[in-house]
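Novice: Need coordinates for the below:
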Amino acid sequence: MAEIWIDTRLGELLVGEAAISQRLEQTGPGDIAPLRDILLAREFKIAGDFEKADVTDWQKDDYINFGKWVFNVLNKDEEPAVAVSWTHVERLYSLGLGPSGYRIHRSPHFQGMKGFREAIGSPITYREQRSVYRETWGAQDYEKYIEDQEIALDRKLTRDEINALARQNKGPHSQTIVSNYGLLRDIDTNRGYYRSEGMTEDNLLEWGVDVMRANNGLLHWTMPYILSRRRQGIPARTIHDKVGGFGKFRRRTQELYADIAQVDIVENARVLEGYRKGISNGEMPAELAALSGPELMMRGSIFALSADMLDGLSDEQKQELAVLPPSELSNFIRSYKRRLTEEDVDLRATELALTERIWPERNPLYVSHEEIDEEKARHSARRVATAKRRKALASAALSAS
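Specialist: From the prediction side, this is the model:
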């Protein structure tokens, strides 16, 4: 679409580069301006007395053609598209370029401005979208919206970012969320996320113990970074401010964990002894006896859940389970009992306290060795980049002197 400007003295449209350039040579600065800029400006400062357009005989097609023209003026590959609003129509009416918003609103061809927008293919305005959120969105919709945005960003979504997305018609305004759902922090709480605000030193140490229990006693310096990005952790800066550095935090957490770990160790030893007896009496293949403690815990738990849900295991099933990836366990069980659902398998695993033994990654505080390596590489790259910037600044300062 050719660029459209307007002579603000005459209310005359200038279409195309040639017409615009010619008028620029003939007028003073500010006498002509892009029509789109005038329609989108925060304030409408043109006070000329322009002759109003004669739309007395306009039919439905005339209104639709006008609306599509306005939509094209407003949108220059915009993403998302700018909606044609009452304000835009009224400004064009004042310039003598179209009907009034009131005339469109009362037209028998449309059911108000919303119907007019639908007819011309314009998106609805934010005010109309806000009503959609209020009338049709439930708690899960708001939670999923926030979660989807944070997955895309790989970090927490701020209130300002929520509002910026709302202005682009990409989601609800923070005030809409508060009015229809509750405080923004309630979304975090209801999704099971940690919030470090107001946490005491004891709270931080308890979190550290939970992390160690989820990771077989490991507490690596990368974990606060990884888990806080997931909204499941405490930022490293908070740990430093409240406890005095990660080293001190780890020592004090390990002291607390030692007492709790004794209970875990006794329980794990009891379970592993049961699995070893199962190997010796033929309930599980003999080759599993060579597995380490954590591997036997996972494999034995797979057998325990399968035997419970399948009412015993055949020799063929035992051999398959000896090497079956945990991710395939649900499908394995359901292939023999087709009436079962994946939710049935998950529920029974939870009831038998086997979930985290079979699928440790389902614990939101679990961190894989691959994630730790990636985080270490990320920090290393950041240090290299920082060193290069400092070297460049030092070199520039030296050259300037």
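Novice: low pLDDT regions in the protein?
Specialist: Low-confidence segments of the chain, defined by pLDDT under 70: 1, 29, 47-48, 77-80, 126-127, 154-155, 185-186, 188-198, 401.
Novice: can you map out the strands along it?
Specialist: Taking DSSP state E, the strands of the chain run over residues 4-7, 12-15, 32-34.
Novice: Show me what the shortest one is packed up against.
Specialist: With contacts defined as 3 or more Cβ pairs under 8 Å, 6 or more residues apart in numbering; DSSP states H and E, the packing partners of strand 32-34 are strand 4-7, helix 17-26. Where C-beta positions appear, they are placed from N, C-alpha and C, glycine not excepted.
Novice: tell me the most buried of those?
Specialist: Among those, ranked by average contacts under mean count of other Cβ atoms under 10 Å, first place goes to strand 4-7 (a mean of 20).
Novice: ok, residues contacting stretch 246-258?
Specialist: Contact with stretch 246-258 is made by 204-206, 208-209, 211-213, 217, 219, 221, 224, 236, 239-240, 243, as judged by Cβ atoms under 8 Å, 6 or more residues apart in numbering.
Novice: follow-up on the earlier one: now for the helices and strands packed on strand 32-34, which one comes closest to residue 178?
Specialist: strand 4-7 (40.7 Å; Cβ to Cβ).
Novice: what's the spacing between the closest one and its chain's center?
Specialist: In terms of Cα atoms, centre = their mean, to the nearest Å, the centre of strand 4-7 is found 41 Å from the chain centre.
Novice: That strand: partners in the sheet, and parallel or antiparallel?
Specialist: Next to strand 4-7 in the sheet, as set by DSSP bridges, lie strand 12-15 (antiparallel), strand 32-34 (antiparallel).
Novice: Would you reformat those as JSON lines and include mean neighbour count and distance to residue 143?
Specialist: Putting those into JSON lines (neighbours: other Cβ atoms under 10 Å; distance: least, Cβ to Cβ, whole Å) gives the following:
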{"stretch": "strand 12-15", "mean neighbour count": "16", "distance to residue 143": "48"}
{"stretch": "strand 32-34", "mean neighbour count": "17", "distance to residue 143": "42"}
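Novice: hmm, back to that, mind checking the helices and strands packed on strand 32-34 for the one nearest to residue 356?
Specialist: Checking the helices and strands packed on strand 32-34 against residue 356 by Cβ to Cβ gives strand 4-7 as the closest, at 63.7 Å.
Novice: which stretches of the stretch 201-350 of the chain form helices?
Specialist: Secondary structure of the stretch 201-350 of the chain by DSSP state H, counting those that start in this stretch: the helices cover 201-214, 223-229, 236-243, 246-280, 293-310, 315-321, 329-336, 342-351.
Novice: So which of those has the densest surroundings on average?
Specialist: helix 223-229 (a mean of 21).
Novice: so how far is residue 286 from residue 329?
Specialist: Residue 329 sits 21 Å away from residue 286, taking Cβ to Cβ, to the nearest Å as the criterion.
Novice: got it, and residue 51?
Specialist: According to Cβ to Cβ, residue 51 and residue 286 sit 98 Å apart.
Novice: do residue 243 as well
Specialist: In terms of Cβ to Cβ, residue 243 sits 48 Å off from residue 286.
Novice: next one: residue 173
Specialist: When residue 173 is compared with residue 286 (using Cβ to Cβ), they lie 64 Å apart.
Novice: What of residue 132?
Specialist: Here the criterion is Cβ to Cβ. By it, residue 132 lies 63 Å from residue 286.
Novice: check contacts around the residue found closest to residue 320 once you drop the neighbours it is linked to in the chain.
Specialist: With Cβ to Cβ, 6 or more residues apart in numbering as the criterion, residue 320 has its nearest non-adjacent residue at 7.2 Å, and that residue is residue 332. By Cβ under 8 Å, 6+ apart, residue 332 lies in contact with 306, 320-321, 324.
Novice: would JSON lines of those with distance to residue 281 be doable?
Specialist: Below are the contacts of residue 332 laid out as JSON lines (distance: Cβ to Cβ, whole Å):
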{"residue": "306", "distance to residue 281": "17"}
{"residue": "320", "distance to residue 281": "20"}
{"residue": "321", "distance to residue 281": "16"}
{"residue": "324", "distance to residue 281": "21"}
